[in-house]
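S.K.: Below are the sequence and a predicted model; questions follow.
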Amino acid sequence: MPSNTSEHRPDPGPPPGGTVPAPSAGGAVPAPATGDAVPDPSAEGAMETRRLTDARAMRALAHPVRLALLEALAHAGTLTATQASELLGESPANCAFHLRTLGKYGYVVEAGGGRGRERPWRRTHTALEITTEQEDPGAAVAADELGDFWVGRITERARSAHSRRHAWPEEWRRTGLLGPSQFMAYMTPDEAREFAAELENLYARFFDRLDHPERRPDGAMPIETLLFSHPMMHLAERPVPATGEGGGPAPSEDPVE
């Protein structure tokens, strides 16, 4: 969900990517209405990944406007309800309501420095981890529902973006990064863990630019990368034909006439 905008991690979780990044700045975190541990964002760089364990907090996040607000905050750093309404095409009152709801569950806090009735908000974490491995069965169900909601949202966005790829800037179409790709690799569990750690380290190079527009170099483009990894059980369950000494197929037992 929110990717490097919203980086949500459906079962079992990273990211980026499959995750939801977030920010920093002054202001205290209100007491969350959940049992989730919310990192204290008062110190620069204090935000970390927040693992969601409360069913109410997860269900509160399964809303398109709230996810869009978290993504907008990752892009802008801080936003008032009026500023958010201009970005999302929602009314200021609706954005204010959803920002307060996100604040109730500890996803955002007031950033301070507002004028009059305008209150800037910012996020409180660099990523959200959503997993069905929960002690509370109700939380496991909520995590499953939120994961499905998020996956449906980002895959539809990817389909929409790729249907308009002819309109992407020419210089970006030549980077070799954009566009669909698919790979299959045979790994052991230990190799898979090592591979996942290496991927996370690659993404981590850019995490400090989330919620901090001032840290982005000129020409930086928000790039959403989706990584869906799953075991290909239909192949794993198939027997592999025996091979001969040279690595090729074993000789047939039936002579060919």
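M.R.: All right, it came through fine. Numbering: from 1, shown residues only.

S.K.: Surely Glu129 is in contact with Arg50?
M.R.: Yes. At 7.0 Å, Glu129 counts as touching Arg50 under the criterion of C-beta atoms under 8 Å. (C-beta placed from N, C-alpha, C; glycine too.)

S.K.: can you give me the strands for the protein?
M.R.: 8-9, 49-51, 108-110, 121-123, 127-129 (DSSP state E).

S.K.: what residues are up against Thr101?
M.R.: Ala60, Arg66 (C-beta atoms under 8 Å, 6 or more residues apart in numbering).

S.K.: Repeat the analysis, applying 10 Å as the threshold.
M.R.: Shown in contact with Thr101 (C-beta atoms under 10 Å, 6 or more residues apart in numbering): Ala33, Ala60, Leu61, His63, Val65, Arg66, Leu69, Tyr107, Val108.

S.K.: returning to that earlier point: in terms of mean pLDDT, which of the strands of the chain ranks lowest?
M.R.: Among those, strand 8-9 has the lowest mean pLDDT, at a mean of 40.

S.K.: Off-centre distance for stretch 110-123?
M.R.: Relative to its chain's centre, stretch 110-123 lies at 25 Å (C-alpha atoms, centre = their mean, to the nearest Å).

S.K.: Quick check: which ranges of the stretch 151-257 of the chain have low pLDDT?
M.R.: 244-257 (pLDDT under 70).

S.K.: let's see it at 50
M.R.: Counting by pLDDT under 50, the stretch 151-257 of the chain contains no low-confidence segment.

S.K.: Spatially, what comes nearest to Leu99 if we skip its sequence neighbours?
M.R.: Trp121 (5.1 Å; C-beta to C-beta, 6 or more residues apart in numbering).

S.K.: in terms of contact, does that neighbour touch Gly103 like I think?
M.R.: Yes. Using C-beta atoms under 10 Å, Trp121 makes contact with Gly103 at a distance of 7.1 Å.
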